[in-house]
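**Q** Okay, here's the prediction I keep looking at, along with the sequence it came from:
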Amino acid sequence: MPTFSIYSEIKNAEINNERILIKLYDQSVMKGRAEKSLDKERFKVRTHEGAVWIPYTDVMNVIRLVEFN
């Protein structure tokens, strides 16, 4: 299970429909919108290339990208 802060940041981004920047332990970076999921082991991110399922255990850091209008 992920640390509370990573899990809560992803869940808050889902609720607020915010974009997130995700850095994984393999040093790859993804940007997209977190989508609702009932899966406890992984979450879904909608990127410009399509949907990707990411295990919480692969996530090193999450940054919520807040848009100001």
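**A** Arrived safely, thanks for sending.
**Q** For the host helix or strand of Trp53, what does the pLDDT average out to?
**A** Secondary-structure element containing Trp53, defined by DSSP states H and E: strand 50-55. If you average the pLDDT over strand 50-55, you get 95.
**Q** Heading C-terminal from it, find the next helix or strand.
**A** Downstream of strand 50-55, the first helix or strand assigned by DSSP H and E is strand 59-65.
**Q** which SS class is Glu67?
**A** Look at Glu67: counting by DSSP: H, G, I helix; E, B strand; the rest coil, its state is coil.
**Q** what's near enough to touch it?
**A** Applying C-beta atoms under 8 Å, 6 or more residues apart in numbering to Glu67 gives the contacts 18-19. Every C-beta, even on glycine, is put in place using the N, C-alpha and C of the backbone.
**Q** Check Ala34 too.
**A** Ala34 sits next to 10-11, 13-14, 18, 20, 43-46 when contact means C-beta under 8 Å, 6+ apart.
**Q** now, which of those lie within strands?
**A** Judged by DSSP state E, strands contain the following of those: 20, 43-46.
**Q** Under the pLDDT cut-off, which ranges of the protein? List them.
**A** Residues of the chain that meet the criterion pLDDT under 70 lie in 1-3.
**Q** again, only using 80
**A** Applying pLDDT under 80 to the chain flags the ranges 1-4, 69.
**Q** Max pairwise distance over the contacts of Ala34: which two?
**A** Greatest spacing in the contacts of Ala34, by C-beta to C-beta: Lys11 and Arg46 (15.6 Å).
**Q** Cool, thanks, talk later.
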